[in-house]
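Chemist: Next comes the sequence, and after it the predicted model I'd like to discuss.
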Amino acid sequence: QLQLVESGGGLVKPGGSLRLSCAASGFSLDYYAIGWFRQAPGKAREGVSCISSSGDMTNYADSVKGRFTISRDIAKNTVYLQMNSLKPEDTGVYYCNAARGWVNYWGQGTQVTVSA
C-alpha cells in the first residue's frame, strides 16, 4: 500500500521546538519532490517547505525561514521538518506531500499546537 505517514506533532510552548517526520511506504521518496504544508483552522492550506527529488534544493515560506529546516534520510525513506523558535501562528495541521509528475501522495496530517 502506497502511503505517507506524518508524526512528531504535539503541544509546545512558544519558542520551543518539534521535529516532524514523514515516512513513506510502498514507494521510494528518492524520486519525489517532498513538500510540507500546513492548515490552520479556518484558513487555506499553505506551503511551508519543500525539498527537490535530488535533495540538493530546498525552499521555505518567508514566515518560517531561519526557523525551520527540511531534510531527508533516503535510507529510512523519511523526510523531516525541524521546527525551532515556534510561534503561536505556526499552529495547524501539518501535511507532507510527495510529487512526481502527475502523481501526488498526501499524508493524513499531524497536529502542531503552539500555546503557552
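Modeler: Sure thing, it's come through. From a predicted model like this one, the values you see are computed outputs, not experimental measurements.
Chemist: for the residue nearest to the spatial centre of the chain, what are its contacts?
Modeler: Geometric centre of the chain, nearest residue: residue 36, 3.2 Å, by C-alpha atoms, centre = their mean. Residue 36 makes contact with 20, 22, 47-50, 70, 79, 81, 94-97, according to C-beta atoms under 8 Å, 6 or more residues apart in numbering. Placement of C-beta: from N, CA and C, glycine included.
Chemist: One more: residue 98?
Modeler: Contacts for residue 98 (C-beta under 8 Å, 6+ apart) come out as 4, 24, 27, 29, 32-34, 104-105.
Chemist: Drop anything exposed from those.
Modeler: With burial judged by 16 or more other C-beta atoms under 10 Å, the buried subset of the contacts of residue 98 is 4, 24, 27, 29, 32-34, 105.
Chemist: Among those residues, name the ones in strands.
Modeler: Among the buried ones among the contacts of residue 98, the members falling in strands are 4, 24, 33-34, 105 (criterion: DSSP state E).
Chemist: Could you export those residues as a markdown table, including pLDDT?
Modeler: Output for those, formatted as a markdown table (pLDDT from 0 to 100):
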| residue | pLDDT |
| --- | --- |
| 4 | 95 |
| 24 | 94 |
| 33 | 96 |
| 34 | 96 |
| 105 | 94 |
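Chemist: Including distance to residue 88, could these go into JSON lines?
Modeler: Converted to JSON lines, these look like this (distance: C-beta to C-beta, whole Å):
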{"residue": "4", "distance to residue 88": "27"}
{"residue": "24", "distance to residue 88": "30"}
{"residue": "33", "distance to residue 88": "30"}
{"residue": "34", "distance to residue 88": "26"}
{"residue": "105", "distance to residue 88": "30"}
